[in-house]
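K.L.:
just to be clear, the model below is a prediction. Sequence and coordinates:
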Amino acid sequence: MVTKLKEVDVVIVGLGWTGGILAKELAESGLKVVALERGAPRSSESDYSLPNIRDELRYVVRHDLMQNTARDTITVRNSPQQEALPMRRLGSFLPGEVVGGSGVHWSGHTWRWTDMEFKIRSNYEERYGKKFIPDDMTVQDWGITYAELEPYYEKFEYTAAVSGKAGNIGGKLQAGGNPFEAPRARDYPLPPLTPILASEMFTDAARNAGYHPFPRPSANASQPYTNPDGAKFGGCQYCGYCQRFGCEANAKGSPHMTVIPIAMRNPNFELRTHSWVTKVLKDSDAKRVTGVTYTNVLNGEEFEQPATIVLLCAYAINNVHLMLLSGIGSPYDPVAQTGVVGKNYCYQTGAGARLFFEGKYFNPFMNAGGSNATIDDFNTNWAFDRAPHNFVGGYNVSGGFNTALPIGYRPVPSGTPRWGSEWKRATAKWYQTAMVINASGSVMANRYNCYDLDPTYRNAFGQPLMRMTFDYKDNEHKMGVHAAQLVNDIAKSMNPTKLNPATARTDPWTVVPYQSTHNTGGTIMGTNPRESALNKYLQSWDCHNLFVVGANVFPHNSSYNPTGPVGALAYWTADAIKNKYIKNPGPLVQA
Amino acid sequence: MIDAIRATSASLMTLLLTGAAWADGDAARGEARFQDCAACHRLEAGVNNVGPSLHGIFARKAGKLADFRYSPALKRSGISWTPETLDAFLTNPQALVPGNRMPYAGMADAGNRADLIAYLFKASK
């Protein structure tokens, strides 16, 4: 028994950063907006305040803010020849599942991805020739330019209280910032966070080696701040509980304390929590969608919510899952290389070293989400010649801490026993003396890395689980070797007492342990419907009143954290709907 | 009990050292200083956020709003909020009331504190 509700202008599936931004913007434009969030309502005052928030067991071990794998999960395999098995515990990545989504538990790192990503195929072919990109590397241009997105990056940075130092304002290089960033119209809204000792030491070492260190831009307010919408931020207290936690000081830019409460005050907006969307409904001619069906997970009641516009704003994996479950767009087939939905799933890679300095006191319990320093010399620096190393993409390198928690953070030199009295002696001796240097690397699209529906396993609603097929390819292995060498060179130049060196990973990817929540692709944006699921406005090529927003639109993954372009593209899509689509509903780009 | 005595004596000590600098504060400048507080505190009566409402703060003892969950440390501090005690608290909240839950490291500059308190004295009524 499905109860059919009254039609609304817009239904939003998932209320994190993208859903929150679109809810606020579209409700303000006069549209009647309903958001369906599968998770619970949460707020800073009732859930993220002291002392309850500082609970490693609840938030890190038991994943209190994350998706519950007993209800829905994915199956995983490394190649199409293998049988995929369900991920029964969260591991490699942690999708959020509360009001605010993963925007509650992120660290805040906010980057501007540039034309180096958006025009990746054109750039590499022009410089290195058509043969440089391997046949199975399905990277393609995104159909959007940095210049188009620049004002929307700024809008997101000012909304989320990003602290940082500009490296390039209007083409003029700024001392202390990232010299390789694309030109920006304005500086960040807030100055950089106070550096910690580890980031200062890394900054010196990187500079001595001839690189260009700068403070990592991050949505951790370096001082009290009121954003352009009037949302108030406290200054970061460097408490160290950032990643995986809501912020106790309202200092981390998060949708639940910015765009969502503003939308909630607007009578045009309604939020329904515990509402699990099972399907997007298509019109009989399959040119439009008519709404969604959802289940109230508290009592099992089922509803149909008709809507003029449907926005998929769930976690990246779940947006793609809903498209496949709803039969919108043709599913991708990696063997025949046909179809688009499920195509170009990408992850990230990395290589890290741990350095121990006898006599140093790093106070690892004090840091912000972004209190580290970074170099981009092997990332957005196009002068870095990839030809001798024969890989596409790049990596950024950072030094410092982020959320080194009092119980879980136990750095010891390699060779230390994993338990027992010797381990206890080592953890007491080395706890204060360790820092990390970490390379975070891009992952290029490959024809065999993709999503489809699992033929065997089903979720609590009886629907097929999403199946993920992923492994690192030769390109990532070559980059890993380069990155590990570079990290170790910088580490050795700092003369640590002991060094756990970085190593390039050669083993197949596995879903344990935690690695990164930066899953991208699956419903990618692009220039034409043969190669992409969405146009440059994140509008479905198949159904013009369906927009799919989030990192699932990225045609490949860079070395940067994804939230900068995720937020900017949400504002970009909001403007396209308000200024273009509402006036003239239909495809915004002709196929 | 020991905590309460310690807290009270600490506040008295601080009082003697800081004097009544707040009296010279500028409420207009203090409104800008209130940005440090505004992410968590409202001035309207009955509106608790991450921190308790500051409405009527100078007419009450610390930790006494019925509908806000205070830390045990603040509840047993025995502090009556006056410009002097608030000045001592804001200088270094953890020094005056060890174990309180306000995630704020303190406002070091005495002039800024005086401005803020002058503003609060007007705006919390």
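P.N.:
Sure, I can see it.
K.L.:
just give me the neighbour total for the residue of the stretch 351-500 of chain A found nearest chain B.
P.N.:
Nearest residue of the stretch 351-500 of chain A to chain B: A:Met366, at 10.8 Å (C-beta to the nearest C-beta). Placement of C-beta: from N, CA and C, glycine included. Using other C-beta atoms under 10 Å in any protein chain shown, A:Met366 has 16 other residues around it.
K.L.:
for it, list the residues it contacts.
P.N.:
A:196, A:238-240 (C-beta atoms under 8 Å, 6 or more residues apart in numbering or on different chains).
K.L.:
low-confidence ranges, chain B, go.
P.N.:
B:1-22 (pLDDT under 70).
K.L.:
close to chain A: what parts of it are there?
P.N.:
B:35-36, B:38-40, B:48-50, B:71, B:101-105 (C-beta under 8 Å from any C-beta of the partner chain).
K.L.:
list buried residues within these.
P.N.:
Neighbour-count burial (16 or more other C-beta atoms under 10 Å in any protein chain shown) is assigned, among these, to B:35-36, B:38-40, B:48-50, B:71, B:101-104.
K.L.:
dump these to CSV, plus secondary structure and distance to A:Gly234.
P.N.:
Formatted as CSV, those follow (DSSP: H, G, I helix; E, B strand; the rest coil; distance: C-beta to C-beta, whole Å):
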residue, secondary structure, distance to A:Gly234
B:Gln35, helix, 9
B:Asp36, helix, 7
B:Ala38, helix, 8
B:Ala39, coil, 4
B:Cys40, coil, 6
B:Asn48, strand, 16
B:Asn49, coil, 11
B:Val50, coil, 8
B:Ser71, coil, 17
B:Arg101, coil, 13
B:Met102, coil, 10
B:Pro103, coil, 7
B:Tyr104, coil, 7
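K.L.:
among the contacts of A:Met366, which pair sits farthest apart?
P.N.:
Greatest spatial distance among the contacts of A:Met366 (C-beta to C-beta): A:Ile196 and A:Cys239, at 12.9 Å.
K.L.:
out of these two, which sits in the more crowded spot?
P.N.:
Using other C-beta under 10 Å, the more surrounded residue of A:Ile196 and A:Cys239 is A:Ile196, with 24 against 20.
K.L.:
which ones are touching the more buried one?
P.N.:
Listed by C-beta under 8 Å, 6+ apart, the contact partners of A:Ile196 are A:238, A:362-363, A:366-367, A:371-372, A:400-401.
K.L.:
let's go with 6 Å and repeat that
P.N.:
Residues near A:Ile196 by C-beta atoms under 6 Å, 6 or more residues apart in numbering or on different chains: A:367, A:371, A:400.
K.L.:
for chain A, longest strand please?
P.N.:
strand A:302-312 (DSSP state E).
K.L.:
may I see the buried residues of it?
P.N.:
Residues of strand A:302-312 classed as buried by neighbour count (16+ other C-beta under 10 Å): A:303, A:305-312.
K.L.:
which of these lies closest to chain B?
P.N.:
Among the buried residues of strand A:302-312, A:Leu311 lies closest to chain B (C-beta to the nearest C-beta), at 29.2 Å.
K.L.:
would you mind confirming that that closest one makes contact with A:Ile12?
P.N.:
Yes - applying C-beta atoms under 6 Å, one finds A:Leu311 in contact with A:Ile12, separated by 4.7 Å.
K.L.:
model confidence over stretch A:520-540, on average?
P.N.:
The average pLDDT for stretch A:520-540 rounds to 98.
K.L.:
who's in contact with stretch A:395-402?
P.N.:
Stretch A:395-402 is contacted by residues A:107, A:196, A:198-199, A:202, A:364, A:367, A:369, A:371-376, A:378-379, A:437-441, A:483, A:559 when judged by C-beta under 6 Å, 6+ apart.
K.L.:
given the helix or strand where A:Glu270 lies, what are its sheet partners and their directions?
P.N.:
Assigned by DSSP states H and E, A:Glu270 belongs to strand A:269-272. Strand A:269-272 pairs in its sheet with strand A:33-36 (parallel), by DSSP bridges.
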